[in-house]
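K.L.:
Here is my input, please return the structure:
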Amino acid sequence: MMTPKEIVHKMYDNDPFSKWLGIEIDAISEGSCQLSMTIREEMLNGFGIAHGGITYSLADSALAFAANTHGRQSVSIDTSINHTEALKEGDRIVAIAKEESLKNRFGFYKIEIKRDDTIVALFKGTVYRTNKEWE
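P.N.:
Numbering: from 1, shown residues only. Below you'll find the model as predicted:
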């Protein structure tokens, strides 16, 4: 069976979108992970702030990585986000994914996105856990 780190690195190696975002993997453990990235100019919207899809995408990657660390391939089935602070070009953000509850078929996760010590977005995600194991 693959370790959590091996699973996440295999997922990341096959994930061109996360690479395009510039996501870095900071920490991985069973049921959780921490990712970080920097807001770039091409990620800004017409207001000159980060498009909401950027923090959403970072959190979605954190959800996917955390949920798959148990060795069973898992996919999101329900997600939501609350944006609480605007982000600018050059801002460094961190997503911290934590498992809230794990069942046989479902996993429930909370992801905090922070800039320094300030929470800039809160994300919730539910995953469906398939029977397929990571190899």
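K.L.:
If you average the pLDDT over the lengthiest helix in the chain, what comes out?
P.N.:
In the chain, taking DSSP state H as the definition, the longest helix is helix 52-68. Average pLDDT, helix 52-68: 98.
K.L.:
what's the answer for stretch 95-102, then?
P.N.:
The pLDDT scores in stretch 95-102 average 98.
K.L.:
ranges for the helices of the protein?
P.N.:
With helices called from DSSP H, the chain shows them at 4-13, 16-21, 52-68.
K.L.:
which residues are in contact with the second one?
P.N.:
In other words, helix 16-21. Helix 16-21 is contacted from outside by 12, 37, 54, 57, 58, 61, using Cβ atoms under 8 Å, 6 or more residues apart in numbering. C-beta here means a position set from N, CA and C on the backbone, and glycine is covered the same way.
K.L.:
Show me which positions of stretch 50-62 end up buried.
P.N.:
The neighbour-count check on stretch 50-62 (16 or more other Cβ atoms under 10 Å) flags 50, 51, 54, 55, 56, 57, 58, 59, 60, 61, 62 as buried.
K.L.:
Just the C-alphas of that stretch, formatted as PDB.
P.N.:
Extracted C-alpha coordinates of stretch 50-62, given in PDB (Å, rounded to 0.1, in the frame of the first residue of the first chain):
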ATOM      1  CA  ALA A  50      -7.800  37.500  -7.000                       C
ATOM      2  CA  HIS A  51     -10.600  35.700  -8.800                       C
ATOM      3  CA  GLY A  52     -12.700  33.600  -6.300                       C
ATOM      4  CA  GLY A  53     -11.900  30.500  -8.400                       C
ATOM      5  CA  ILE A  54      -8.200  30.800  -7.300                       C
ATOM      6  CA  THR A  55      -8.900  30.200  -3.600                       C
ATOM      7  CA  TYR A  56     -11.500  27.700  -4.500                       C
ATOM      8  CA  SER A  57      -9.100  25.700  -6.700                       C
ATOM      9  CA  LEU A  58      -6.400  25.700  -4.000                       C
ATOM     10  CA  ALA A  59      -8.900  24.500  -1.400                       C
ATOM     11  CA  ASP A  60     -10.200  21.900  -3.900                       C
ATOM     12  CA  SER A  61      -6.700  20.500  -4.400                       C
ATOM     13  CA  ALA A  62      -6.200  20.400  -0.600                       C
END
